[in-house]
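Chemist: What follows is a predicted structure for the sequence shown.
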There are 2 protein chains.
Amino acid sequence: MGRCVVLLSGGVDSSTTLAIANSEGLELNALTIDYGQRHRVEIECARAIAKRFAVKRHLVISLDMGGIGGSALTTADIDVPKDRIEGGGGPLTSDIPVTYVPARNTIFLSLALAWAEVLEADTIFIGANAVDYSGYPDCRPEFIHAFEVMANLATKVSVQGTLRFKVRTPLIAMSKVEIIQTGLALGLDYSMTWSCYDPTPTGEPCLRCDSCIIREKALREKARREG
Amino acid sequence: MGRCVVLLSGGVDSSTTLAIANSEGLELNALTIDYGQRHRVEIECARAIAKRFAVKRHLVISLDMGGIGGSALTTADIDVPKDRIEGGGGPLTSDIPVTYVPARNTIFLSLALAWAEVLEADTIFIGANAVDYSGYPDCRPEFIHAFEVMANLATKVSVQGTLRFKVRTPLIAMSKVEIIQTGLALGLDYSMTWSCYDPTPTGEPCLRCDSCIIREKALREKARREG
């Protein structure tokens, strides 16, 4: 039985990725990073989803990224943009939004690599998606490939030849609708997931940030296709 | 004036690296990671050394690596090995010791990359050394090169073409004696640095772990050469 580490934020993409890894019969080890994000409510969603898929282990690592700054998600000084989209089927924007967190996937994959080395898990899953998030440099296949090359030079197990790491991104070329269809087919209840970057003071999704807009648009589109 | 981020643990190697970056007239930004290491006393040394070199910024990031396990430095379950060396000029051991922290340099460089992106600093310094620590996979030039390639695919600034990251390892081919000679020539007072992996309950160096042994051997060797 193969063993994997799945980066699980509690959002649509990472939860779908966990469902896919589960469908392959792999031993699931879920890793969630509490990095001081505005939407820390997603961590509770991650816990519930990890339980739903009966993961073998769920590790939540605390990492204080606030001091690094540079992102609306980790600093109160930068507002989360609202109401940025008006229909259209393409990527949200060709610019990189202020919700980009510097080097986030690099950092998260590095932490997953460390845990994978200890667990002797040869596969790391990440819900990177190059379609709806085309503006994020660390969601592109060329980045993932370069990380994988680096990872196999970085660790004791890979240098000793006992383990060769693979980074898998099953969602990378899917649209958000395809992602949701895939997850539903695998038994994922999306009401358990969290997307909003900037919850209201009472803990509700704002419905106006990029992440809310992409999520709602996909749910509408899915409903429309199903007639 | 160039701007750099220097990974500064407070040990001999990273402190020497900071002294080298300082000698080049770069704007210094020091990054220290509090990762739950046994020898957290080194963080206070890092603060003092950052002050000594009048760094522009010193950021200490908390990262709880205890849950990952797999290293004597981050878990109480694994003892720090003692008294492992008996003279000899080569590397301490060809095996990778239990003080190896899984993917540590990958994680630290990723955090440095995030901060470098925010600061628009194009150079990251790390005190990796392939001579005395030949057993650590993430201290080898081929790893550093692969990280650099990955970093330039990972970030907004590199993808937009405004910044190209370099990872510099000025100590990589030096012996410990050469490192100390270099630092002394640049005004570094090594009594401000910390090496011991496993301080005594009263906060003194154990003088028996690999790191203490390498440090003391280098200091003796340096004294011998100077007659």
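Modeler: Done, it's in. Residues are numbered from 1 along each chain as shown, chains lettered A, B, ... in the order given.
Chemist: Looking at the residue nearest to A:Leu7 when sequence neighbours are not counted now. What's its pLDDT?
Modeler: In this structure, A:Leu7 finds its nearest non-sequential neighbour in A:Ile126, 4.8 Å apart by C-beta to C-beta, 6 or more residues apart in numbering or on different chains. The way it works is simple: take the backbone N, C-alpha and C, and place the C-beta from them, glycine included. A:Ile126 carries a pLDDT score of 98 in this model.
Chemist: So A:Ile126 is in contact with A:Thr169, correct?
Modeler: Yes: taking C-beta atoms under 8 Å as the definition, A:Ile126 is a contact partner of A:Thr169 at 5.8 Å.
Chemist: intersection of neighbour lists for those two?
Modeler: A:Ile144 (C-beta atoms under 8 Å, 6 or more residues apart in numbering or on different chains).
Chemist: I would like the residues contacting the helix or strand of chain A with the lowest mean pLDDT, please.
Modeler: Sorting the helices and strands of chain A by mean pLDDT, DSSP states H and E puts helix A:156-159 at the bottom, at a mean of 82. Helix A:156-159 is contacted by residues A:Glu117, A:Glu120, A:Ala151, A:Asn152, A:Leu153, A:Leu163, A:Arg164, A:Phe165, B:Ile96, B:Tyr100, B:Pro102, B:Pro137 when judged by C-beta under 8 Å, 6+ apart.
Chemist: and if you look at stretch A:185-197?
Modeler: So stretch A:185-197 is contacted by A:10-12, A:15-16, A:19-20, A:22-23, A:38-39, A:41-42, A:45, A:48-49, A:52, A:72-73, A:80, A:99, A:180, A:183-184, A:205-207, A:209-212, A:214-215, A:219 (C-beta under 8 Å, 6+ apart).
Chemist: So among the residues you listed, which ones count as buried?
Modeler: Burial by neighbour count, judged by 16 or more other C-beta atoms under 10 Å in any protein chain shown, picks out A:10-12, A:15-16, A:19-20, A:22, A:38-39, A:41-42, A:45, A:49, A:52, A:72-73, A:80, A:99, A:180, A:183, A:205-206, A:209-212, A:214-215 from these.
Chemist: just for chain A, where's the confidence low?
Modeler: Low-confidence segments of chain A (pLDDT under 70): A:85-95, A:132-134.
Chemist: Tell me which stretches of it form strands.
Modeler: A:3-7, A:27-34, A:57-62, A:123-125, A:166-168 (DSSP state E).
Chemist: and the ones you listed as JSON lines, adding mean neighbour count?
Modeler: Formatted as JSON lines, the strands of chain A follow (neighbours: other C-beta atoms under 10 Å in any protein chain shown):
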{"stretch": "strand A:3-7", "mean neighbour count": "25"}
{"stretch": "strand A:27-34", "mean neighbour count": "23"}
{"stretch": "strand A:57-62", "mean neighbour count": "17"}
{"stretch": "strand A:123-125", "mean neighbour count": "24"}
{"stretch": "strand A:166-168", "mean neighbour count": "18"}
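Chemist: okay, the ones you listed in JSON lines with distance to A:Cys196 next?
Modeler: Below are the strands of chain A laid out as JSON lines (distance: least, C-beta to C-beta, whole Å):
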{"stretch": "strand A:3-7", "distance to A:Cys196": "19"}
{"stretch": "strand A:27-34", "distance to A:Cys196": "17"}
{"stretch": "strand A:57-62", "distance to A:Cys196": "20"}
{"stretch": "strand A:123-125", "distance to A:Cys196": "23"}
{"stretch": "strand A:166-168", "distance to A:Cys196": "27"}
